[in-house]
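*Asks:* no FASTA, just this:
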């Protein structure tokens with residue numbers, strides 16, 4: 001009995017010592033400790049099922065065991081404090097500038113709110129998981145395929161920000177489970193990708209998948225998926241020839257792992273106003289779909305006119321192709337993105353500056369519409385025309401700029417902003433732009449949504465783009481929001497969704513908490529912009545409180561079990577308590593991620609040196625106070641009164657930017673290993689640096705920044721290929 005008890009206790013002791021003393025990433029400096037452990041306890045290999053050897057003889061003597069146990073407990077205690085003060089990961093990033101902050105300072109309110117919000121999300125996520133999934137991850141109930149994926153789409157990004165480790169594991173589990181369900185239960189997924197889907201919904205669903213690379217780029221199955229998914233549009237799969245390299249078009253609005261589809265039910269698209277048959281059919285008669293013969297005629301015409309050829313919405317797939325580029329660095333993905341975006345820029349030039357919304361299989365604008373450039377699938381005559389077209393433009397312009405470092409690709413987006421502004425009118429003090437083009441020309445005037453110009457300015461840092469924003473703000477007098485009357489899940493009655501003023505004043509400083517659909521997070525872009533402009537000083541507190549309110553609302557809905565969304569397929573999605581929009585704005589200086597294929601746009605991101613993972617360390621809060629063309633102002637706070645926290649700050653979500661120098665604002669900060677505490681400038685000339693925050697310490701850094709100077713990659717600062725320059 002003594003031998004068995006001693007063996008179990010010794011085994012437990014060794015496991016605890018290995019956990020405490022040996023870090024996750026093994027380095028040569030720890031081999032001495034390992035050798036000591038194996039010499040003192042030869043039976044340690046027995047934990048792995050090998051011979052106990054001399055360990056059995058040691059265990060026969062209880063006194064010897066007690067002596068060794070006491071000695072190693074003492075060793076463990078002393079080494080915990082010794083090694084905890086300087087983690088080995090610092091050694092794995094050579095020549096890294098380290099900034100120290102040591103003076104204690106009371107934590108600001110925004111920092112307390114930020115950490116409390118994250119703690120609350122950590123606690124709320126398991127409630128959502130339990131409510132809507134079975135063991136293994138399959139959904140108890142769901143909606144459309146894109147809505148099911150969206151239900152967990154924010155989870156990997158939240159982990160990237162610093163959320164609980166389990167959040168990423170659950171996110172991967174759910175992505176796999178949802179994919180299995182739609183593959184085997186509903187027969188809509190093939191080779192782990194949607195068989196045929198319009199790019200609006202396809203790219204909505206895969207935004208969360210794109211976040212996995214930021215969270216952990218070393219998961220082999222996700223790397224393979226990224227290659228495979230991009231390959232469907234590079235014609236690498238003989239079953240999925242979606243792209244025509246000769247005419248530089250995607251062959252249909254409906255594509256996927258089984259290639260382009262030239263047939264889909266016309267009733268929904270035409271009745272909901274997502275496409276037109278003009279000029280071939282000037283106007284559909286009421287109840288046309290109830291006459292079988294007429295329905296067959298319209299269906300045949302619809303398949304030929306609407307589903308053959310390319311549409312602007314397809315540009316949103318550039319996010320999936322860029323995703324493969326960030327994983328692999330392979331030039332073919334970069335080449336495809338630039339080739340495809342260049343083709344659309346050329347079509348804009350040929351169409352007098354306006355992007356056409358239908359291009360035939362021979363690459364001709366209006367090929368099946370007698371040369372008419374409008375009326376296509378999710379195009380200029382559609383119900384949500386500007387939203388759908390401009391989300392695709394944002395994604396494509398940002399992806400092309402990211403992979404090339406060339407800001408000329410922003411003209412894809414900027415040119416169409418100017419098209420609308422040049423057609424604008426002033427009505428009751430409001431600047432309104434046309435949202436549609438039809439037989440009568442430009443029509444359906446509404447306010448232009450600020451998030452569109454926010455993305456443009458964040459990408460360009462051009463003063464002229466900021467002037468466009470100011471023009472928009474000066475013309476924002478009264479509400480409602482542009483699509484306030486176009487939110488019904490039912491087909492719209494003629495004229496029912498036209499915008500008109502309701503007299504409520506517009507305040508760009510306002511933060512919205514009563515948001516019922518996540519794509520409406522973009523409504524909080526103006527308040528963030530005003531903060532970056534030096535106004536709206538309490539914006540960080542307002543947006544963090546608003547996010548907390550939404551988390552609490554989700555928890556309340558989960559507990560009641562009675563909530564149902566107006567759009568029934570989004571009932572599960574809209575109870576997800578993991579909110580990331582406000583956190584990303586505050587901590588990363590990021591604009592709202594574009595809902596259709598968009599990539600995270602961030603001035604900075606963080607890595608935890610203690611836990612060697614992405615995100616802010618425990619107890620650390622961050623606030624990006626200002627972003628300028630060549631400067632970033634960042635505030636970091638350690639809320640722990642007991643523990644030093646260490647982190648890496650990276651330039652850009654993908655390391656695409658470069659830090660030039662750091663200016664320390666106050667005398668409470670110092671460069672590591674230097675005793676001078678005076679204000680100074682420290683040269684960095686890298687895409688990352690480290691910060692060491694003593695207990696209760698805070699620091700404000702003015703960081704010189706050169707945008708789009710590096711080749712973007714998912715590689716972490718401690719990965720071997722993190723130095724690859726832009727080519």
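*Replies:* All right, it came through fine. None of the values given here were measured: they were computed from a predicted structure.

*Asks:* Which parts of the stretch 251-400 of the chain are strands?
*Replies:* Applying DSSP state E, counting those that start in this stretch to the stretch 251-400 of the chain gives strands spanning 254-255.

*Asks:* same deal with the stretch 501-650 of the chain?
*Replies:* 604-608, 613-614, 620-627, 631-638, 645-651.

*Asks:* Specify the angle between the last one and strand 604-608 in degrees.
*Replies:* What that stands for is strand 645-651. Interaxial angle, strand 645-651 versus strand 604-608 (axes from the mean of the first three to the mean of the last three Cα atoms, to 10 degrees): 150 degrees.

*Asks:* Tell me which residues are up against strand 645-651.
*Replies:* 87, 90, 93, 96, 603-610, 616-620, 634, 636, 638, 657-659, 687-693, 703, 705, 710, 717 (Cβ atoms under 8 Å, 6 or more residues apart in numbering). C-beta: built from backbone N, CA, C; applies to glycine.

*Asks:* ok, now the first one?
*Replies:* Taking Cβ under 8 Å, 6+ apart as the criterion, the residues outside strand 604-608 that touch it are 160, 162, 214, 587-589, 613-618, 620, 622, 624, 632, 634, 646-653, 688, 703, 716-718.

*Asks:* who does it pair up with?
*Replies:* strand 613-614 (antiparallel), strand 645-651 (antiparallel) (DSSP bridges).

*Asks:* Can you tell me which of the ones you listed is most buried?
*Replies:* Among these, strand 645-651 has the highest mean neighbour count (mean count of other Cβ atoms under 10 Å), at a mean of 23.

*Asks:* Tell me which helix or strand comes right after that one.
*Replies:* Counting by DSSP states H and E, the next helix or strand C-terminal to strand 645-651 is strand 658-664.

*Asks:* how about that next one: buried residues?
*Replies:* 658, 659, 660, 662, 664 (16 or more other Cβ atoms under 10 Å).

*Asks:* same question, stretch 227-237
*Replies:* 227, 228, 229, 230, 231, 232, 233, 234, 237.

*Asks:* any chance of those in JSON lines, with pLDDT too?
*Replies:* Conversion of the buried residues of stretch 227-237 to JSON lines gives the following (pLDDT from 0 to 100):
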{"residue": "227", "pLDDT": "98"}
{"residue": "228", "pLDDT": "98"}
{"residue": "229", "pLDDT": "98"}
{"residue": "230", "pLDDT": "98"}
{"residue": "231", "pLDDT": "98"}
{"residue": "232", "pLDDT": "98"}
{"residue": "233", "pLDDT": "98"}
{"residue": "234", "pLDDT": "98"}
{"residue": "237", "pLDDT": "98"}
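
*Asks:* Out of those residues, which is nearest to residue 366?
*Replies:* The closest of the buried residues of stretch 227-237 to residue 366 turns out to be residue 233 (Cβ to Cβ; 23.9 Å).

*Asks:* phi, psi of the closest one?
*Replies:* Note on residue 233: its backbone torsions stand at phi -110, psi 0 [degrees, to the nearest 10].

*Asks:* Could you do residue 483 as well?
*Replies:* phi -100, psi 20.

*Asks:* Tell me how far it lies from residue 499.
*Replies:* 8 Å (Cβ to Cβ, to the nearest Å).

*Asks:* more neighbours, the two?
*Replies:* The neighbour comparison of residue 483 against residue 499 (other Cβ atoms under 10 Å) goes to residue 499, with 21 against 17.

*Asks:* Tally up the residues packed near the nearest residue to residue 303 once chain neighbours are set aside, please.
*Replies:* Among residues not flanking residue 303 along the chain, residue 263 sits closest, at 5.2 Å (Cβ to Cβ, 6 or more residues apart in numbering). Residue 263 has 13 neighbours, counted by other Cβ under 10 Å.

*Asks:* Tell me the pLDDT of residue 263.
*Replies:* For residue 263, the pLDDT comes out at 97.

*Asks:* Would you mind listing where this protein has pLDDT under the threshold?
*Replies:* 1-94, 665-679, 721-727 (pLDDT under 70).

*Asks:* Is it possible to get JSON lines of the strands of the stretch 501-650 of the chain that adds distance to residue 342?
*Replies:* Output for the strands of the stretch 501-650 of the chain, formatted as JSON lines (distance: least, Cβ to Cβ, whole Å):
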{"stretch": "strand 604-608", "distance to residue 342": "29"}
{"stretch": "strand 613-614", "distance to residue 342": "33"}
{"stretch": "strand 620-627", "distance to residue 342": "28"}
{"stretch": "strand 631-638", "distance to residue 342": "31"}
{"stretch": "strand 645-651", "distance to residue 342": "27"}
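
*Asks:* Can you give me the separation between the nearest residue to residue 196 once chain neighbours are set aside and residue 362?
*Replies:* In this structure, residue 196 finds its nearest non-sequential neighbour in residue 261, 4.0 Å apart by Cβ to Cβ, 6+ apart. Counting by Cβ to Cβ, the gap from residue 261 to residue 362 is 19 Å.

*Asks:* got it, and residue 149?
*Replies:* Separation of residue 149 from residue 362 (Cβ to Cβ) stands at 35 Å.

*Asks:* With neighbour numbers in mind, choose between the two.
*Replies:* Each of residue 149 and residue 362 has its neighbours counted (other Cβ under 10 Å); residue 149 has more, 25 against 12.

*Asks:* Next up, phi/psi of the nearest residue to the more buried one once chain neighbours are set aside, please.
*Replies:* Nearest-residue entry for residue 149: residue 205, 3.7 Å, with adjacent residues in sequence omitted and distances by Cβ to Cβ, 6+ apart. Per-residue torsions, residue 205: phi -70, psi -30 (degrees, to the nearest 10).

*Asks:* re earlier: for residue 426, which of the strands of the stretch 501-650 of the chain is the nearest?
*Replies:* Ranking the strands of the stretch 501-650 of the chain by proximity to residue 426 (Cβ to Cβ) places strand 620-627 first, at 31.1 Å.

*Asks:* and residue 542, what does it touch?
*Replies:* Per Cβ under 8 Å, 6+ apart, neighbours of residue 542: 511, 527.

*Asks:* Please apply the same query to residue 336.
*Replies:* Contacts of residue 336 by Cβ under 8 Å, 6+ apart are 230, 233, 234, 243, 321.

*Asks:* now residue 626: how far from residue 226?
*Replies:* Taken as Cβ to Cβ, the span from residue 626 to residue 226 is 34 Å.

*Asks:* do residue 195 as well
*Replies:* Distance of residue 195 to residue 226, computed by Cβ to Cβ: 19 Å.

*Asks:* These two: who's more crowded?
*Replies:* Ranked by neighbour count (other Cβ under 10 Å), residue 195 and residue 226 place residue 226 first, with 27 against 19.

*Asks:* So the more buried one sits against residue 329, correct?
*Replies:* No - in this structure, residue 226 is not within contact of residue 329 by Cβ atoms under 8 Å, at 12.0 Å.

*Asks:* As a check, name the ranges of all strands in the stretch 51-200 of the chain.
*Replies:* Going by DSSP E, counting those that start in this stretch, the stretch 51-200 of the chain shows strands at 98-101, 189-190, 193-194, 197-198.

*Asks:* In the longest one, which residues are buried?
*Replies:* Okay, so that is strand 98-101. Quick answer for strand 98-101 (16+ other Cβ under 10 Å): 98, 99, 100, 101.
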